[in-house]
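> only geometry, no sequence info:
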């Protein structure tokens, strides 16, 4: 059954490319920042748009909470479940924590898709949760015109070793733990039905090892690269830290086939909105072609970590720099 149904055809967007655009989202939450009415100490909230929220539980222990869900990014129901789960866990890893409990979030069009496909989605999510060593139990479901799946995840971390957006320092190298190009390959998959195993492998790879290496190496600033693209997430990090950033486009790794997919126009609306958002804050080198600009803004789903620091196996793609006005320099 899962082989014959093209899940991507039941959604208007796909994966993290269907996020609300960053400028609209920031306007929506602009009046909510700086609020901490709870009894526990809020360590990370809405102020800088970090990957998850964190509160001090006691002593050096922080509780990290996040949720993430999206419409199908691939046609295979089982793989979509795996990807959505890996993406949800990534928010905890991006803050230097480890997940301890997750619950399912499901929207399902009962009238158009068989319930057996939902079983495959949930099986995929469960398999990734087992790989993460995190119990996945229960959750919530609704009858929805579009299929949606994800997780709400609770994690734990060390208060003094959280990875945050606002702790970047000038002169620190920037490392990237997964190649870019997931978005354009997913767009090509949705349009043509062609399957890209390299994209599925990237999206289902947990960011656990990268996170653990970052914490072990003393890194304190990081984020994961998802729907706002490398440039969008880098701009948020640089702005929160009061720095600028330089990117060497020639050092950025890409998945096989990504450049060809971008050149042939398999570019999501989310990617173009990302590029529009960062454009006023970006200086481009003369050698940076349009296809490079699109790929650097490519809306990733379950992408890698962008780390202010160096860890084994992750290429250095740029550095944080001094600034009086946050800008991204590409080239």
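Okay, I see it. This is a predicted model, so every value here is computed, not measured. Residues are numbered from 1 along each chain as shown.

> So residue 279 versus residue 234, what's the distance?
14 Å (C-beta to C-beta, to the nearest Å). The way it works is simple: take the backbone N, C-alpha and C, and place the C-beta from them, glycine included.

> Looking at these two, which is more packed in?
residue 234 (28 against 13; other C-beta atoms under 10 Å).

> So that one lies in a helix, does it not?
Yes: counting by DSSP: H, G, I helix; E, B strand; the rest coil, residue 234 falls inside a helix.

> contacting residues for residue 139?
Going by C-beta atoms under 8 Å, 6 or more residues apart in numbering, residue 139 touches 103-106, 151-152.

> And the strands in the stretch 201-331 of the chain?
Ranges of strands within the stretch 201-331 of the chain are 222-224, 244-247, 282-284, 305-308, 316-321, 328-330, based on DSSP state E, counting those that start in this stretch.

> which of these is buried the deepest?
Mean neighbour counts were taken over those using mean count of other C-beta atoms under 10 Å, and the top value, a mean of 28, falls to strand 222-224.

> which one of the contacts of residue 139 has the most neighbours?
Sorting those by how many neighbours each has (other C-beta under 10 Å) puts residue 151 first, at 28 neighbours.

> so where does that residue fall, helix or strand?
strand 148-158 (DSSP states H and E).

> Against which helices or strands is that strand packed?
Contacts defined by 3 or more C-beta pairs under 8 Å, 6 or more residues apart in numbering; DSSP states H and E place strand 148-158 against strand 61-70, helix 77-93, strand 98-108, helix 115-132, strand 136-143.

> I'd like those laid out as TSV, including distance to residue 255 and mean pLDDT.
Listed next are the helices and strands packed on strand 148-158 as TSV, based on distance: least, C-beta to C-beta, whole Å; pLDDT from 0 to 100:
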stretch	distance to residue 255	mean pLDDT
strand 61-70	19	95
helix 77-93	14	97
strand 98-108	26	98
helix 115-132	20	98
strand 136-143	28	95
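
> Please pull out the lowest mean pLDDT helix or strand from this structure.
helix 22-29 (a mean of 69; mean pLDDT, DSSP states H and E).

> Heading C-terminal from that helix, find the next helix or strand.
Heading C-terminal from helix 22-29 (DSSP H and E), you reach strand 42-44.

> can I get the strands of the stretch 201-331 of the chain in TSV with distance to residue 184 and mean pLDDT?
Putting those into TSV (distance: least, C-beta to C-beta, whole Å; pLDDT from 0 to 100) gives the following:
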stretch	distance to residue 184	mean pLDDT
strand 222-224	18	96
strand 244-247	18	98
strand 282-284	19	97
strand 305-308	19	98
strand 316-321	18	98
strand 328-330	18	97
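
> right, so of these, which gets closest to residue 186?
When the strands of the stretch 201-331 of the chain are compared by C-beta to C-beta, strand 222-224 sits nearest residue 186, at 16.6 Å.

> so what strands line up beside the closest one?
Within its sheet, strand 222-224 is paired with strand 305-308 (antiparallel), according to DSSP bridges.

> returning to what we had before: let's have the helices and strands packed on strand 148-158 in a markdown table, adding distance to residue 10.
Shown next, in a markdown table, are the helices and strands packed on strand 148-158 (distance: least, C-beta to C-beta, whole Å):
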| stretch | distance to residue 10 |
| --- | --- |
| strand 61-70 | 13 |
| helix 77-93 | 11 |
| strand 98-108 | 10 |
| helix 115-132 | 10 |
| strand 136-143 | 14 |
